[in-house]
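compute the structure for the input listed below.
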Amino acid sequence: IRLENREKLKQESIFREETKMTVLLIRTVIIYVFLLLIMRLMGKRQLGELEISELVSTILLSDIASLPITNQEIPLTYAIVPILTITAFEISFSLLLTKAPRLKYLLSSRPSIVIKKGKIDKSELLKNRISMDELISELRQKNITDIAEVDYAIIEQNGKMTVIPKAEHTQPTCRDLGLD
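A predicted model of the protein is given here:
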């Protein structure tokens, strides 16, 4: 009888573990699909293109979403409600910034000119915490080997660098060649 009880307890234990794993899997899939929908709703940006508020929202969303996955005692709604709240706030905030340019000017970062007319603005590099090596690396990635070839280099709001070469260092267009 004891052997039978042990076997029965072992089978029940295995069943409980399988049930827990199944519930965990289902909860994970639900949260994953929900987050995919939320991130789609928030906009199609890549991580490197996020504004500070979007990055903070993304980090918060991932942290909140992980709670009911790692602790099955936490109901899914305890994650879904805060995720919806953060998403609504982020979308409202983005809409507000597009409708009120002055507010965007105050709250968002602005483009920063680090090279102007071929001259490096060291104070802008320092303000953006960019070293000379990082600047040169960015220029090389844009196929610029000499700073003298650059008319403007601008650190955009998303953190990426836009490089505008001097006219004499650009590819000729059809118009330049008289082919239009």
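
what ranges do the helices span in this protein?
2-42, 52-70, 77-99, 101-107, 122-127, 132-141 (DSSP state H).

helices or strands up against the second one?
By that I understand helix 52-70. Applying 3 or more C-beta pairs under 8 Å, 6 or more residues apart in numbering; DSSP states H and E, we find helix 52-70 packed against helix 2-42, helix 77-99. Every residue, glycine included, has its C-beta placed from N, CA and C.

quickly compare those helices and say which is most buried.
The highest average neighbour count among the helices and strands packed on helix 52-70, using mean count of other C-beta atoms under 10 Å, belongs to helix 77-99 at a mean of 14.

helix or strand with the lowest mean pLDDT in this structure?
Lowest on mean pLDDT, DSSP states H and E among the helices and strands of the chain sits helix 101-107, with a mean of 73.

residues in contact with it?
53, 96-98 (C-beta atoms under 8 Å, 6 or more residues apart in numbering).

swap the cut-off to 10 Å and go again
The contact list for helix 101-107 (C-beta atoms under 10 Å, 6 or more residues apart in numbering) reads 51-53, 93-94, 96-98, 100, 108, 110, 157.

just for this protein, where's the confidence low?
Under the criterion pLDDT under 70, the flagged ranges of the chain are 1-3, 15, 42-50, 105, 107-108, 170, 176, 180.
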